[in-house]
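In: quick one: sequence and predicted model below, then my questions.
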Amino acid sequence: MKVRKLAYSLGAEVTDLDLREPQSDAIINEIREAWLEHLVLCFPRQDLSPDELVAFTARFGKLDDDRAGSLWNLPDHPKVNIIANKPVEIGAKTIVPVIADKWHTDLSFALRPSSATWLNAKQLPPIGGDTMFASMYAAYDALSPSMQGFIGGLEGMHDVSMSPDWGRYTPEIQARRRGTHPPVVHPVVRTHPESGRKGIFAGGFLRKLIGFTEQESRPIIDLLNTHATDYPFVYRHKWSKDDLLMWDNRCTMHNAVQDYDRTQLRLLHRATLLAEKSGRYYEAENASSAPASMS
């Protein structure tokens, strides 16, 4: 196993592995150490079947197994999602498109956001379709001590309806998403449970700050998101077919760049790892009616 750094703040390439084969505990530990250090890992030339993807990713912990009745999971593989820019027919099921063209952290609108996400590229447009990643460690460290102190005591409400795809959903899908994901509250600065480092936790799902109106919140949120995605903190991944990307949602944001011919299919397989519970429901009355599987 070889690790080669790809960018200044985050990103590395891992080679000399065939992830279709079972990996030793020692190799899994090496991958985990590289992931915690570099935040985003690219494993090139890994054409994994859904079963192989689950077998590899489950070595890192408990996978998200369709806790909210996903619209995107493969019918026979609830732990594998289809991420595509156009509807995909699989048997009797239509997979809803996902564009995600806004900076965000996966499932920040849940009590247990994803800790790790994996994407395996299956079909790509001939040009473009990049994904950008930003280090929330580097963004936090670059803030002044005064700004660190100010945001250190803030909490934010994350709302699934802030999704960049929201306007593309039917009213039925919107109602389903609201029902399974009531608004939740997370701290604006989170301490990573493994590294102990602090990072900004904002992104596109952050609607408002607790104790502030939405109007008052917006300039602060926009400032944090703009700062956190500045060039020094960003790695831009140019996809190749069969790339497998693994990233740490607890200390990164990402954005699917729409720099390609949208008539071309862009399709990837995704698996996600459940993180520790880190939030609470925004409204007390939601706590009793929220789905138990989300906690």
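Out: On my side now, so go ahead.

In: model confidence for residue 70, exactly?
Out: Residue 70 is assigned a pLDDT of 73 by the prediction.

In: helix, strand, or coil at it?
Out: Look at residue 70: counting by DSSP: H, G, I helix; E, B strand; the rest coil, its state is coil.

In: so it makes contact with residue 80?
Out: No. At 9.9 Å, residue 70 does not count as touching residue 80 under the criterion of CB atoms under 8 Å. Every residue, glycine included, has its C-beta placed from N, CA and C.

In: ok, those two, which is more surrounded?
Out: Higher neighbour count among residue 70 and residue 80: residue 80, with 25 against 18, using other CB atoms under 10 Å.

In: am I right that that one sits in a strand?
Out: Yes. Counting by three-state DSSP, one finds residue 80 located in a strand.

In: quickly note the distance from it to residue 119.
Out: 11 Å (CB to CB, to the nearest Å).

In: what of residue 186?
Out: For residue 186, the distance to residue 119 - CB to CB - is 23 Å.

In: off-centre distance for the host helix or strand of residue 186?
Out: Assessed by DSSP states H and E, residue 186 sits inside strand 184-187. Distance of strand 184-187 from the chain centroid (CA atoms, centre = their mean, to the nearest Å) equals 16 Å.

In: what's the answer for stretch 143-160, then?
Out: For stretch 143-160, the distance to the chain centre is 20 Å (CA atoms, centre = their mean).

In: buried stuff in it?
Out: Neighbour-count burial for stretch 143-160, with 16 or more other CB atoms under 10 Å as criterion, is recorded at 143, 151, 154, 155, 156, 157, 158, 159, 160.

In: would you list the residues you listed in TSV and tack on pLDDT?
Out: TSV is the format used below for those (pLDDT from 0 to 100):
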residue	pLDDT
143	98
151	98
154	97
155	97
156	97
157	97
158	97
159	96
160	93
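
In: give me the low-pLDDT residue ranges for this structure?
Out: By pLDDT under 70, the low-scoring segments of the chain are 66-69, 284-295.

In: middle-most residue in it, spatially?
Out: Compute the mean C-alpha point of the chain, and by CA atoms, centre = their mean the closest residue is residue 106, 2.9 Å away.

In: and the gap between the closest residue to that residue other than its chain neighbours and residue 61?
Out: Excluding the flanking residues, the one nearest residue 106 by CB to CB, 6 or more residues apart in numbering is residue 114, at 4.3 Å. To residue 61, residue 114 is 11 Å away according to CB to CB.

In: higher neighbour count, those two?
Out: residue 114 (23 against 12).

In: wait, what's in contact with that one?
Out: 64, 105, 106, 107, 249, 272, 273, 274, 275 (CB atoms under 8 Å, 6 or more residues apart in numbering).

In: wait, the fifth one sits on residue 110?
Out: The one in question is residue 249. No. Residue 249 is not in contact with residue 110 according to CB under 8 Å; the separation is 10.9 Å.

In: where along the stretch 51-200 of the chain do the strands fall?
Out: Under the criterion DSSP state E, counting those that start in this stretch, the stretch 51-200 of the chain contains strands at 73-74, 77-84, 88-90, 93-95, 114-123, 131-135, 155-158, 184-187, 189-191, 198-200.
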